[in-house]
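Trainee: What would the 3D arrangement of this be:
(2 chains)
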Amino acid sequence: MSAVIETKSTYDVAAVRRDFPILARDVRGKRLVYLDNAATTQKPRQVIDRLVRYYSEENSNVHRGVHYLSELATLEYENARAYIRRFLNARDEKEIVFTRGTTESINLVAQTWGRANVREGDEILISAIEHHSNIVPWQMLCAEKQASLRIIPVFDNGELDLDAYERMLNPRVKLVAVGHASNALGTINPLRRIIGAAHANGSLVLVDGAQGVPHLTVDLQALDCDFYAFSGHKVYGPTGIGVLYGKQELLEAMPPWQGGGDMILSVSFEKTTYNALPYKFEAGTPNIAGAIGLAAALQYVASIGLDAIAAYEHELLVYAAARLQEIEGLRLIGTARGKAAVISFVLEGVHPHDIGTVLDQEGIAVRTGHHCAQPLMMRFNVPATGRASFGLYNTREEADALVAGLHKVIEVFR
Amino acid sequence: MSDLRELYQQVILDHNKNPRNFHAMPDASRTVDGYNPLCGDHYTIFLRLDGETIREVSFTGSGCAISKASASVMSSTVKGKSKEEAGQLFDTFHRLVTGDASGLSAAELGRLAAFSGVSEFPARVKCATLAWHTLRSALEGTEEKVSTE
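Mentor: Numbers count the residues shown, from 1 in each chain, chains lettered A, B, ... in the order given. Reported below is the predicted structural model:
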């Protein structure tokens, strides 16, 4: 307990909130209560200013020009990659490939590693609580290769059935693709056990880290996963930028994905020689500003402290979950022991979409719907849920506002 | 709250709680599914036609208050109407919920008037029109899943 109390006294959420200009705005005449962080996070001034500085002072194309600005932009772009490597404790900068986001990262692996390595009769394992972006690319691959996609089952509390998972492992399993934390339920998956068992079976592991990096410390060398994908915009960075991490020897062996500039060493009409890592996978002018902005976002997160953020968010999660459960007729969907600050809920007699509209009138932003996880909704036998997802700037008062808003919902529909 | 009361008028709350014609119809002449993937609203509309006339309408499924009340009101409104009249009612309804109600009289609107608040909530127009889109495709005889996305 002492650690929690210490965190409370040292975590200055008011100061954090001042870094996010949008949090000062009103929505529908009410102060914005932004609880849709699992969809996208707001951006701190440090990120916004960095983007402005890039476009005001440094903008140029990378890896091409001999002129001053091109060298500067290249330096900043590669500095961003170097910082992201350190932040994630990857072995080498070559292992950090910039993409548009988690979805593109996963598709890249499915289309290159997958097409080269998955054959008829092979199996790919995903879990019952995956986001569509970690389902559909594998369905497409399996359909093309006549491989089968098998689903790790989930218990009623939102935790994966790991014994069942371990029984599913067999020599045909080429890849296990699981989320670090569930966007719909918050469940944090026990990656060490999942990865250890997969490797013992000779299977690779891809981790969808879209909800991992924003809430958890990610040490890629300790984790030992083979691929890790995440998006910048869910961790206080810009949209349109993300990362695919892959172990160097895997990335080296993979065929390139998109063809174009920057991913080649030399081109003739007879033969093209591909560039080295990571450029082999970065065809075309990359999202330079996005990469630089993402590094600024991770620097911002690091300046507050990953452990401090995790402790603060956990405390907020426990508080909000307890307050929500006081509401009659409210049921939490997903009560795993290890959870990121995501709360899915249903309210008896009121559809989540109506909840969302009423809360919106109170300036409260939550997500309602299937959270791009329709199979998961079916598993829990709900058409949709309301979801409040917290970030490093949310407060207990905002959790209270959500509770008050839900009482208003009940008032309207009583 | 005033906008909310405007959206969730008593008629809507009532039809949401006690939807009319809310049952399957085993001997339906047309059955069509309607689906709004954004919110997961999902209804099946059943029709019994007698030539050009809609004899019976019923529906099953689940979704938000707006979509369910709309399906309920639609089912009682078009019952006994001709296909053409039902199509005109959809046009009227569509104009109402998209904020183009000028020139629509109270008599024309009837019970549909309860949905006037929807036009202030553009995100909810799809909820309000799902059942109507489904009805239209049922009337046109396109036995496919209708989606409002």
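
Trainee: Just list the residues touching residue A:273, thanks.
Mentor: Shown in contact with residue A:273 (C-beta atoms under 8 Å, 6 or more residues apart in numbering or on different chains): A:264-267. Every residue, glycine included, has its C-beta placed from N, CA and C.

Trainee: Any idea how many residues pack against the closest residue in space to residue A:162 that isn't next to it in sequence?
Mentor: Distances taken as C-beta to C-beta, 6 or more residues apart in numbering or on different chains place residue A:193 nearest to residue A:162, at 6.1 Å, with adjacent residues excluded. Applying other C-beta atoms under 10 Å in any protein chain shown, we find 13 residues neighbouring residue A:193.

Trainee: Quick check: next helix or strand after the helix or strand residue A:193 falls within?
Mentor: Assessed by DSSP states H and E, residue A:193 sits inside helix A:191-200. For helix A:191-200, the following helix or strand on the C-terminal side (DSSP H and E) is strand A:204-208.

Trainee: Tell me where chain B has strands.
Mentor: Ranges of strands within chain B are B:30-36, B:41-50, B:53-62, B:146-147, based on DSSP state E.

Trainee: Distance-wise, check residue A:260 relative to residue A:272.
Mentor: The gap separating residue A:260 from residue A:272 is 11 Å, by C-beta to C-beta, to the nearest Å.

Trainee: neighbour count winner among those two?
Mentor: Comparing residue A:260 with residue A:272 by neighbour count (other C-beta under 10 Å), the higher total belongs to residue A:272, at 14 against 11.

Trainee: Now for the nearest residue to that one once chain neighbours are set aside, how many residues are close by?
Mentor: Nearest in space to residue A:272, with sequence neighbours left out and distances taken as C-beta to C-beta, 6+ apart, is residue A:264 at 5.4 Å. For residue A:264, the neighbour count with other C-beta under 10 Å is 16.

Trainee: Residue A:264 against residue A:282, yeah?
Mentor: No. With contact defined as C-beta atoms under 8 Å, residue A:264 does not count as touching residue A:282 (11.0 Å).

Trainee: Show me where chain B dips below the pLDDT cut-off.
Mentor: Scanning chain B for pLDDT under 70 picks out B:1-2, B:142-149.

Trainee: Which positions in it make contact with chain A?
Mentor: B:1, B:3-5, B:7-8, B:13, B:16, B:37-42, B:62-66, B:68, B:121, B:123-124, B:127 (C-beta under 8 Å from any C-beta of the partner chain).

Trainee: Give me the buried entries from the residues you listed.
Mentor: Buried subset of the residues of chain B next to chain A (neighbour count, 16 or more other C-beta atoms under 10 Å in any protein chain shown): B:4, B:7-8, B:13, B:16, B:38-42, B:63-66, B:68, B:121, B:124, B:127.

Trainee: Name the residues of the stretch 301-414 of chain A found near chain B, please.
Mentor: Going by C-beta under 8 Å from any C-beta, the residues of the stretch 301-414 of chain A near chain B are A:350-354, A:357-358, A:361, A:368-370, A:374, A:377, A:383-384, A:408, A:412-413.

Trainee: try 6 Å this time
Mentor: For the stretch 301-414 of chain A, the residues in contact with chain B (C-beta under 6 Å from any C-beta of the partner chain) are A:351, A:353-354, A:361, A:369-370, A:383-384, A:412.

Trainee: Just the buried ones from these, in PyMOL syntax?
Mentor: Only the buried entries of those go into this PyMOL selection, using 16+ other C-beta under 10 Å:
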select buried, chain A and resi 351+353+354+361+369+370+383+384+412
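
Trainee: What segments of chain B are helices?
Mentor: B:2-7, B:10-17, B:65-78, B:83-97, B:106-109, B:125-140 (DSSP state H).

Trainee: Need the contact partners of the last one.
Mentor: Where contact means C-beta atoms under 6 Å, 6 or more residues apart in numbering or on different chains, the residues beyond helix B:125-140 that reach it are B:30, B:32, B:34, B:36, B:41, B:43, B:45, B:47, B:64, B:66-67, B:70-71, B:74, B:83, B:90, B:93, B:97, B:115, B:118, B:146, B:148.

Trainee: contacting residues for the residue in the stretch 201-350 of chain A positioned nearest to chain B?
Mentor: Per C-beta to the nearest C-beta, residue A:350 is where the stretch 201-350 of chain A lies closest to chain B, at 7.6 Å. The contact partners of residue A:350, by C-beta under 6 Å, 6+ apart, come to A:409, A:413.

Trainee: and with 10 Å instead?
Mentor: Shown in contact with residue A:350 (C-beta atoms under 10 Å, 6 or more residues apart in numbering or on different chains): A:329-330, A:358, A:386, A:406, A:409-410, A:412-414, B:16, B:64-65.

Trainee: Distance from the chain centre to stretch B:61-79, please.
Mentor: 5 Å (C-alpha atoms, centre = their mean, to the nearest Å).

Trainee: can you pull the contacts of the nearest residue to residue B:31 once chain neighbours are set aside?
Mentor: Closest residue to residue B:31 apart from its sequence neighbours, by C-beta to C-beta, 6+ apart: residue B:46 at 5.4 Å. Residues near residue B:46 by C-beta under 10 Å, 6+ apart: B:21, B:23-32, B:56-60, B:75, B:138.

Trainee: Weed out the non-buried ones from the contacts of residue A:273.
Mentor: Judged by 16+ other C-beta under 10 Å, buried ones among the contacts of residue A:273: residue A:264.

Trainee: possible to save the contacts of residue A:273 as JSON lines with secondary structure and pLDDT?
Mentor: Listed next are these as JSON lines, based on DSSP: H, G, I helix; E, B strand; the rest coil; pLDDT from 0 to 100:
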{"residue": "A:264", "secondary structure": "strand", "pLDDT": "85"}
{"residue": "A:265", "secondary structure": "strand", "pLDDT": "88"}
{"residue": "A:266", "secondary structure": "strand", "pLDDT": "88"}
{"residue": "A:267", "secondary structure": "strand", "pLDDT": "88"}
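
Trainee: Show the pLDDT at the residue in the stretch 51-200 of chain A that chain B sits nearest to.
Mentor: The minimum distance from the stretch 51-200 of chain A to chain B, using C-beta to the nearest C-beta, falls at residue A:132 (10.8 Å). According to the prediction, residue A:132 has pLDDT 94.

Trainee: Now it. Nearest residue, chain neighbours left out?
Mentor: residue A:372 (4.4 Å).

Trainee: show me what contacts the one you found?
Mentor: Contacts of residue A:372 by C-beta under 10 Å, 6+ apart are A:39, A:103, A:130-136, A:183-184.
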